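**Student:** need coordinates for the below:
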Amino acid sequence: MSDAALSTGPQPGHVCFIGAGPGAADLITLRGAKALGQATVVLFDALTDPGFHALAPQALWVDVGKRGFCNSTAQAHINALLVHYGRQGECVARLKGGDPSVFGRLEEEIEALAEAGLSHEVIPGITAALAAAAATGRPLTRRGRGRSVALSTAMTREGAFTAGQRADTEVFYMAGRQLAALSRRLLDAGWAADTPVMVVSRAGCADQSQSDHTVATLAAAVVLHAGRPSVVTVGVGASPMPASTARTVHGSEFEGHHAKACASA
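**Tutor:** Numbers count the residues shown, from 1 in each chain. Take a look at the predicted model:
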């Protein structure tokens, strides 16, 4: 199969769902960046980096962001905009934070396009759970004791707050303002009080913040991450790795190390 067949990018009357990644613009995939650069209209989420505008300066950028407990664009309106611009023959990019398929209401938007007879494609992105694991050096799976991972949201469509024990590592999205309630639900679901929990807010961004807790003490994280989108990792994947003399190198610091290594090679 050719590259063109794998990803056509935005074309007139065609909608391309693009995963923007968890935060910084340079975490988008190469395919996603290429498709974004071909768009004439971009419908973007609230959490996407303003730096993405440089990848499609020619496009009309339409803010359709959603944020919990804040004023948000209604899903029906987003669906209508996708259909409107698609029928106008625009090259439409729907830029979604993280990965479009993970808590991104993707199915509703695909259904709206299908009903309108419009084509689409999906370009995956890095979801916040993976960004948090990478940034903190804590693999979500561990050989011999962490064989399963669940991505969950504690808030149901009806507004109820629930939690279970579905995997060795469970990552909860959209629970930042409900951490005390999540702690109680986790205990009720059978998680031990001393189970490690890690909270990472604005994973993948320059101002990312991380804190360690247990299921019993999780409520303390509310103040630390107030007003910031967070993911909560519970279980094996939240455990710190054994201490070592190695250190994690990030971003521009890595580029400096890489340049020195290339120069000496």
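**Student:** quick one: average confidence on stretch 240-248?
**Tutor:** Stretch 240-248 carries an average pLDDT of 64.
**Student:** and what of stretch 31-48?
**Tutor:** Here the average pLDDT along stretch 31-48 is 93.
**Student:** what's across from the nearest residue to D194 once chain neighbours are set aside in the sheet?
**Tutor:** Nearest residue to D194 in three dimensions, chain neighbours excluded: T214, at 5.1 Å (Cβ to Cβ, 6 or more residues apart in numbering). Glycine gets a C-beta too; all of them are placed from N, C-alpha and C. Per DSSP bridges, the residues bridged to T214 are P196.
**Student:** need the strands for the stretch 151-265 of the chain, in chain order.
**Tutor:** Secondary structure of the stretch 151-265 of the chain (DSSP state E, counting those that start in this stretch): strands located at 169-173, 196-201, 209-214, 230-235.
**Student:** what's the burial count for G227?
**Tutor:** 10 (other Cβ atoms under 10 Å).
**Student:** where's the residue nearest to the spatial centre of the chain relative to M174, distance?
**Tutor:** The chain has G98 as the residue nearest its centroid, 2.7 Å off, counting by Cα atoms, centre = their mean. As judged by Cβ to Cβ, to the nearest Å, G98 and M174 stand 11 Å apart.
**Student:** with G89 instead?
**Tutor:** From G89 to M174 the distance is 35 Å (Cβ to Cβ).
**Student:** the more surrounded of the two?
**Tutor:** For G89 versus M174, the count of surrounding residues by other Cβ under 10 Å is larger for M174: 19 against 12.
**Student:** which residue packs closest to that one, ignoring adjacent ones?
**Tutor:** Nearest non-adjacent residue to M174, counting by Cβ to Cβ, 6+ apart: T153, 5.2 Å away.
**Student:** cool, L81 as well?
**Tutor:** Nearest residue to L81 in three dimensions, chain neighbours excluded: L43, at 6.0 Å (Cβ to Cβ, 6+ apart).
**Student:** nice, that's everything, thank you.
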